[in-house]
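J.: Requesting a structural model of the entry that follows:
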Amino acid sequence: MKKVFIDGSAGTTGLRIYERLSGRKDIEMIILSDEHRKDPEYIKDAIFRSDITFLCLPDAAAIEAVGLAEGSDAVIIDPSTAHRTDDNWTYGFPELNPSQRKRIAGSRRITNPGCYATGFIAIAAPMVQHGLMKADHPVSAFALSGYSGAGKKAIEVYEGNEKPQDFYAPREYALSQAHKHIPEMQKISGLKRTPLFSPIVDDYYSGMFVSIPLYTDMLNGVSGPSDVREMFAEHYRGEKLVKVMPEGEEDASGGFLSANMMSGRDDLRLYVTGNKERIVVTTVFDNLGKGASGAAIQNMNIVTGVDETLGLVV
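T.: So this is what the prediction gives:
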């Protein structure tokens, strides 16, 4: 039985991880009282007693917790932004390439991908790896997310009785092109150019999509959507948590892809749509699932050698 500690268990990601793990018989949870959950002495003791520690914390607090963990045998899985571009940490996207899962299994420091970055990298990284897109391609992406990924204060506004009128509509943000996920999106995808990224938050709880539009005449060896779909199907062949959808699957919902269609799930769907001249590749998943807590548990399962989907909703 593995002992698991969630530092930051009161946050959205921490609560979802706890929900996914609480019913498992192979896990013993280490839980601190409200009185002690922010006390460094008690946190350090919990980390040292654990086999796996999740850091569901703001960046500065995550860095501090890593310092407390120094000398322990615990595997640290960090869903914060703090270590995602740090070469001393293993990037926790198992489907990235054929060797990434092995790297995760042997690592003691795993950085969990960001939600937007998950959807972006799932598209851009294979495009670069398989040569369909050059590393200096001018990539742009737009994305829509539920408000659960916006943090506690924003959630309180969205769910409060005095919600401002503009919170009832989609709201684009990070207008200065300085979103915190962009560095990992570029680095992990292998891009030389910083991608253009337009994120939007909307008035629903969870679920998201990330879309990358492409011109076929700027790609290599691509004559239409089928060429791109075949590449993704081969790249993700056998994966349990990433599914490449067949041609026309989006028509089952009247030609719409809803950003909340995967809400409550821990897997991701990838759609390739468009025509011979213009293609759009879209990933649809739950920002709290494959975009956060589901990915963290998947990484834990890999480290402990159990089925990757154990405790997940797929």
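J.: what about His36, is that helix, strand or coil?
T.: coil (DSSP: H, G, I helix; E, B strand; the rest coil).
J.: Tell me who's in contact with it.
T.: By CB atoms under 8 Å, 6 or more residues apart in numbering, the residues touching His36 are Tyr42. All C-beta spots, glycine's among them, are computed from the backbone N, C-alpha and C.
J.: how does this protein divide up, domain by domain?
T.: 2-113+291-304, 115-287 (automatic domain parsing).
J.: which stretch among the ones you listed comes nearest Leu312?
T.: Nearest to Leu312 among the domains of the chain is domain 115-287; the distance by CB to CB comes to 4.0 Å.
J.: chain center to that closest one, what's the gap?
T.: Its chain's C-alpha centre and that of domain 115-287 lie 11 Å apart, by CA atoms, centre = their mean, to the nearest Å.
J.: where does the chain dip in pLDDT?
T.: Applying pLDDT under 70 to the chain picks out residues 251-252.
J.: Where do the strands of it begin and end?
T.: 2-7, 27-30, 52-55, 75-78, 90-91, 109-111, 140-146, 171-172, 196-202, 208-215, 242-244, 268-274, 278-285 (DSSP state E).
J.: Walk me through which strands the first one pairs with, and which way each runs.
T.: Note on strand 2-7: by DSSP bridges, its sheet partners are strand 27-30 (parallel), strand 52-55 (parallel).
J.: how about the first one: buried residues?
T.: Applying a neighbour-count criterion of 16 or more other CB atoms under 10 Å, one finds Ile27, Glu28, Ile30 buried in strand 27-30.
J.: and the second one, what are its bridge partners?
T.: Beta-bridge partners for Glu28, by DSSP bridges, are Lys3.
J.: between the strands of the chain, which gets nearest to Asn97?
T.: Using CB to CB, those put strand 90-91 closest to Asn97, at 10.3 Å.
J.: Strand 268-274 and the longest helix along the chain, what's the angle between them?
T.: In the chain, assigned by DSSP state H, the helix with the most residues is helix 115-129. For helix 115-129 against strand 268-274, the angle by axes from the mean of the first three to the mean of the last three CA atoms, to 10 degrees is 60 degrees.
J.: Pull out the CA atoms of helix 115-129 and give them to me as CSV.
T.: The C-alpha coordinates for helix 115-129 follow below in CSV (Å, rounded to 0.1, in the frame of the first residue of the first chain):
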residue,chain,number,x,y,z
CYS,A,115,-4.4,22.5,-18.8
TYR,A,116,-4.0,24.6,-22.0
ALA,A,117,-0.5,23.2,-22.5
THR,A,118,-1.9,19.7,-22.5
GLY,A,119,-4.3,20.4,-25.4
PHE,A,120,-1.7,22.4,-27.3
ILE,A,121,1.2,20.0,-26.9
ALA,A,122,-1.0,17.0,-27.8
ILE,A,123,-1.3,18.6,-31.2
ALA,A,124,1.9,20.5,-31.8
ALA,A,125,4.5,18.1,-30.5
PRO,A,126,3.6,15.2,-32.8
MET,A,127,3.3,17.6,-35.7
VAL,A,128,6.9,18.6,-35.2
GLN,A,129,8.2,15.2,-34.2
